[in-house]
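> Let me see the structure of the following:
(2 chains)
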Amino acid sequence: GENVEQHPSTLSVQEGDSAVIKCTYSDSASNYFPWYKQELGKRPQLIIDIRSNVGEKKDQRIAVTLNKTAKHFSLHITETQPEDSAVYFCAAGGNEKLTFGTGTRLTIIP
Amino acid sequence: DAGITQSPRHKVTETGTPVTLRCHQTENHRYMYWYRQDPGHGLRLIHYSYGVKDTDKGEVSDGYSVSRSKTEDFLLTLESATSSQTSVYFCAIRGTSGDNEQFFGPGTRLTVL
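Numbers count the residues shown, from 1 in each chain, chains lettered A, B, ... in the order given. Sure thing, here's the model as predicted:
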């Protein structure tokens, strides 16, 4: 089955700086790669996703890149703000199931 | 929130007792999922359903069973709860856009003493 590894497990950045979270996956059949943000005590919320036929996708301050050859994908958050503090999860999957990474706790330092 | 509710939202039970968690959706989604979330493990798939009476196992299915007798409800049962099943349980549905995007319910915090 699919195996997703996510790094780092914790990340602290100064407000206004950029944050990068990286994931690798094992199953070359995976073709869908979403990212979720989870605030304390809340449900995971989908923030951006990318499909295997696209190398990069951007939505305001958030971008995701995908390297199919190396089987890795990354989340980039620019101009970080205090409200970006949360746990972020990557996932990889195909038509039916997703496999999630273990999460990155992002802390924005004012 | 994709019309997903979970009940109960919190439950404390004792080892050896049966427990059933309910996921209810109002938008006729075909796919429904049960995950558990534990520190250091992220979200792990327990079981999922791809239609009424159609279910399949996920990566951590031991000790759990599911049922889906109608489209809107997906039940997760712990036949005999153990302390290792203390966790936060999330239900999810797959969106209808044709992609595999999943949307989560509010979660159920289960404590097994």
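> Contacts only, for the residue nearest to A:Arg61 when sequence neighbours are not counted.
In this structure, A:Arg61 finds its nearest non-sequential neighbour in A:Thr78, 4.9 Å apart by C-beta to C-beta, 6 or more residues apart in numbering or on different chains. The way it works is simple: take the backbone N, C-alpha and C, and place the C-beta from them, glycine included. A:Thr78 sits next to A:18, A:61-63 when contact means C-beta atoms under 8 Å, 6 or more residues apart in numbering or on different chains.
> Show me what from chain A comes close to chain B.
Neighbours of chain B within chain A, by C-beta under 8 Å from any C-beta of the partner chain: A:1, A:6, A:32, A:34, A:43-46, A:49, A:51, A:89, A:91, A:93-103.
> Okay, now the unreliable bits of chain A?
For chain A, no stretch has pLDDT under 70.
> Helix, strand, or coil at the most centrally placed residue in chain B?
Nearest to the geometric centre of chain B sits B:Trp34, at 2.8 Å (C-alpha atoms, centre = their mean). Taken by DSSP: H, G, I helix; E, B strand; the rest coil, the conformation at B:Trp34 corresponds to strand.
> Thought B:Thr55 was touching it, still the case?
No: contact criterion C-beta atoms under 8 Å: B:Trp34 and B:Thr55 do not qualify, at 9.8 Å.
> list residues touching both of the two?
With C-beta under 8 Å, 6+ apart as the test, B:Trp34 and B:Thr55 both reach B:47-48, B:66.
> mind checking how far A:Val20 is from A:Gln45?
Between A:Val20 and A:Gln45 the computed distance is 20 Å (C-beta to C-beta, to the nearest Å).
> meant to ask about B:His29
17 Å.
> and if you look at B:Thr5?
16 Å.
> do B:Asp56 as well
26 Å.
> What strand or helix carries B:Leu75?
Using DSSP states H and E, B:Leu75 sits in strand B:73-78.
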